[in-house]
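*Asks:* sequence first, then the predicted structure, then my questions.
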Amino acid sequence: MHIGNIGLAPESDVPVNSIPPMNIGGNMDNRRITKGAKLFLTVANAGALLTMGDAHTAQGKGFVRPGGI
């Protein structure tokens, strides 16, 4: 199982597109980010304001993106 979308609140209140992922996270869909993995994200707000969703129980090698993660 892995989390498809994980990230922290952006620096501003302006909506951001989570594709592609950025330094605060986003739509990762990376099967390597699972139990025991370490993911380092930039904290832009006090408290970080972590959000996660789009959990996958199986996805093979993940979505294929040109120059992907």
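*Replies:* In hand now; what should we look at? Only a predicted model underlies this, so the values are computations on that prediction, with no experimental measurement involved.
*Asks:* tell me which residues touch the closest residue to Asn5 other than its chain neighbours, please.
*Replies:* Once flanking residues are discounted, Asn5 sits nearest to Asp54: 4.3 Å by C-beta to C-beta, 6 or more residues apart in numbering. Placement of C-beta: from N, CA and C, glycine included. Each residue near Asp54 by C-beta atoms under 8 Å, 6 or more residues apart in numbering is listed here: Ile3, Gly4, Asn5, Asn27, Asp29.
*Asks:* so which of the residues you listed wins on neighbours?
*Replies:* The member of the contacts of Asp54 surrounded by the most neighbours (other C-beta atoms under 10 Å) is Asp29, with 21 neighbours in all.
*Asks:* hang on, isn't that residue packed against Gly4?
*Replies:* Yes. Under the criterion of C-beta atoms under 8 Å, Asp29 makes contact with Gly4 at 4.6 Å.
*Asks:* pull up the overlap in contacts between the two.
*Replies:* Here Asp29 and Gly4 have Asp54, His56 as joint contacts, going by C-beta under 8 Å, 6+ apart.
*Asks:* secondary structure element for the residue nearest to Asn5?
*Replies:* Element membership for Asp54, per DSSP states H and E: strand 51-56.
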